[in-house]
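Peer 1: Predicted model follows, preceded by the sequence.
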Amino acid sequence: MTRKSARSTRYPAPDERQPVLAEIRRQKMARSPHAYERGTAAHFYAWVESRSAGTLPEGPAVWICGDCHLGNLGPVADAEGEVAVHVRDLDQSVIGNPVHDLLRLGLSLATAARSSDLPGIITTRLTGALLDGYEQAFDDSRSDETSRTERPDVTRIAMEEALNRSRRQLARQNIDHVRPHIPLGKRFWPLSGDEKKAIHALFESGASTLVRSVLGKEVSGESAIRVLDAAYWVKGCSSLGRRRYVVLLDVDGACSAGGPPCLIDIKEAVSPTAQIAAGHRMPRDNGRRVVEGARHVTPALGDRMFAVRLDGCAAVARELMPQDLKFAAEQISELDAVKAAHFLAIVIGQAHAHQMDAATRKAWLNELRTRRPKSSDAPSWLWRSIVELLVKHEAEYLEHCRRYALQRPLKG
């Protein structure tokens, strides 16, 4: 949509956005059980709170993702452009029990399997593969095995696409490349005058030194950062309703020389739903909490993020790299579901393990193994938890669809 045609479109004003975004979120969550699962972190932790003490293993308190579903993992590039599979969304990151990440990932995989019409036996197998992969990340004797682990198709395809994408391709997908501006439409909405002023003030004055350092630019006497355009970004599922902006920056005149603009994603940071480990306190500023969590769980991403205050609101900003992608797993094969469980559990395990010393890693591995039966079957605590979560999730999803359908009667 061009700027000219966009002018005739009625976009919601900032104080009108919430009901529109809430409706988009409800619609997204009604699409499938797997789509619904992405927006239910609060339901997951309500279930966690209902567990009796000792029902779940209590792991060493480390920074966790907090909302470890498939959509929050994917290829992530570091500042030098090196790509690997990591956690890519740390909105819910807290110091907590690492088992919560494992269970949330297990529920996400099991839901994806059910949405792909896979038989229940696959859920059984992926549960065992999940724990095996997670334990492998803590077992130093299996480090060679970990390096040779085959990527499932869902990650291999995303990695190949990530490695083949260039910064110009990213720019073409998100902005009008004839003149650097953001095309308004379904994904991007115009900003109010106050929002524009706040964004210009953030990048062209207040945080310019910090922005330049995060972008890997040497700080010269005067900031050479110029805001080319900015828009409200209608993106995500669980985060829909929070402030979300995309900003195009010209840093040191790169665009004038024919280069692509720098793309910045700004997301409002709110209080976490994830359960915080007893005795630990989080930073009062939620933007700082998210950045700190990212630096521990996914350093490659955390080094590209910075906490900001935008018009008095805590937020996190990060540069969008061409290689940053999320997994698309609405349809997954039987073999790939099991492979994905094993591979992604290694990824999560490594994110936890590198925060522990050798003795703590060994003790945590021994704790997991003592709860595991001698057979290759998953331990009862893990299997029962995923089954309970699946049953609870299915009932909640159907109730969500019922309420959504009642708001939209069929037209005869």
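Peer 2: Here it is on my side, so go on.
Peer 1: can we go C-alpha only for contacts and neighbour counts from here?
Peer 2: OK.
Peer 1: Any regions of the stretch 251-400 of the chain where pLDDT drops low?
Peer 2: 322-332, 375-376 (pLDDT under 70).
Peer 1: 80 instead, please
Peer 2: 251-260, 321-335, 371-377 (pLDDT under 80).
Peer 1: What segments of it are strands?
Peer 2: Taking DSSP state E, counting those that start in this stretch to define them, one finds strands in the stretch 251-400 of the chain at 262-268, 305-310, 313-319.
Peer 1: list the buried ones in the last one?
Peer 2: Along strand 313-319, these residues count as buried under the neighbour rule (16 or more other C-alpha atoms under 10 Å): Cys313, Ala314, Ala315, Val316, Ala317, Arg318, Glu319.
Peer 1: Please work out how many residues are found near the nearest residue to the last one once chain neighbours are set aside.
Peer 2: Beyond its immediate neighbours in the sequence, the residue positioned closest to Glu319 (C-alpha to C-alpha, 6 or more residues apart in numbering) is Ile264, lying 4.5 Å away. For Ile264, the number of neighbouring residues by other C-alpha atoms under 10 Å comes to 18.
Peer 1: looking at this, Val85 is in a strand?
Peer 2: Yes: with DSSP: H, G, I helix; E, B strand; the rest coil as the criterion, Val85 is assigned to a strand.
Peer 1: how much space is there between it and Gly293?
Peer 2: 17 Å (C-alpha to C-alpha, to the nearest Å).
Peer 1: From the neighbour counts alone, determine which of the two ranks first.
Peer 2: A direct count of neighbours by other C-alpha under 10 Å for Val85 and Gly293 places Gly293 higher, at 26 against 23.
Peer 1: Between strand 305-310 and the helix or strand harbouring Glu195, find me the angle.
Peer 2: Taking DSSP states H and E as the definition, Glu195 sits inside helix 193-201. Interaxial angle, helix 193-201 versus strand 305-310 (axes from the mean of the first three to the mean of the last three C-alpha atoms, to 10 degrees): 140 degrees.
Peer 1: got the angle between helix 193-201 and strand 262-268?
Peer 2: Per the same axes, to 10 degrees, the angle that helix 193-201 makes with strand 262-268 is 120 degrees.
Peer 1: mind listing what's buried in helix 193-201?
Peer 2: For helix 193-201, by 16+ other C-alpha under 10 Å, it's Glu195, Lys196, Ile199, His200, Ala201.
Peer 1: Which member of these is positioned nearest Asp132?
Peer 2: Nearest to Asp132 among the buried residues of helix 193-201: Ile199, at 46.3 Å, using C-alpha to C-alpha.
Peer 1: Look up the closest residue to that closest one, ignoring the ones flanking it.
Peer 2: Leu310 (7.3 Å).
Peer 1: For beta bridges, what are the partners of that neighbour?
Peer 2: Cys313 (DSSP bridges).
Peer 1: Ala198 is in contact with that one, correct?
Peer 2: Yes: with contact defined as C-alpha atoms under 8 Å, Leu310 reaches Ala198; the gap is 6.4 Å.
Peer 1: how far away is Ala231 from Lys196?
Peer 2: 9 Å.
Peer 1: My error: substitute Val290 in the last question.
Peer 2: Distance from Val290 to Lys196, by C-alpha to C-alpha: 24 Å.
Peer 1: before we move on, the earlier item: how about the contacts made by the residue nearest to Glu319?
Peer 2: Ile264 is in contact with Val246, Val247, Leu248, Leu249, Ala317, Arg318, Glu319, Leu320, counting by C-alpha atoms under 8 Å, 6 or more residues apart in numbering.
Peer 1: Bridge partners for it, pull those for me.
Peer 2: Taking DSSP bridges as the rule, Ile264 bridges to Val247, Glu319.
Peer 1: pLDDT weak spots in the stretch 1-150 of the chain?
Peer 2: Using pLDDT under 80, the stretch 1-150 of the chain drops low at 1-9, 75, 77-83, 142-150.
Peer 1: redo that, cut-off 70
Peer 2: Ranges of the stretch 1-150 of the chain meeting pLDDT under 70: 1-8, 78-81, 144-150.
Peer 1: Which stretches in it count as strands?
Peer 2: 62-64, 73-77, 83-87, 94-96.
Peer 1: got a pLDDT number for His177?
Peer 2: The model reports His177 with a pLDDT of 49.
Peer 1: Give me the mean pLDDT for stretch 192-205.
Peer 2: For stretch 192-205, the per-residue pLDDT averages 88.
Peer 1: circling back: can you spell out which helices and strands pack onto the helix holding Glu195?
Peer 2: strand 225-233 (3 or more C-alpha pairs under 8 Å, 6 or more residues apart in numbering; DSSP states H and E).
Peer 1: Go through this protein and flag its longest helix.
Peer 2: helix 380-407 (DSSP state H).
Peer 1: So which elements touch that helix?
Peer 2: helix 33-37, helix 98-115, helix 120-136.
Peer 1: Okay then, goodbye and thanks.
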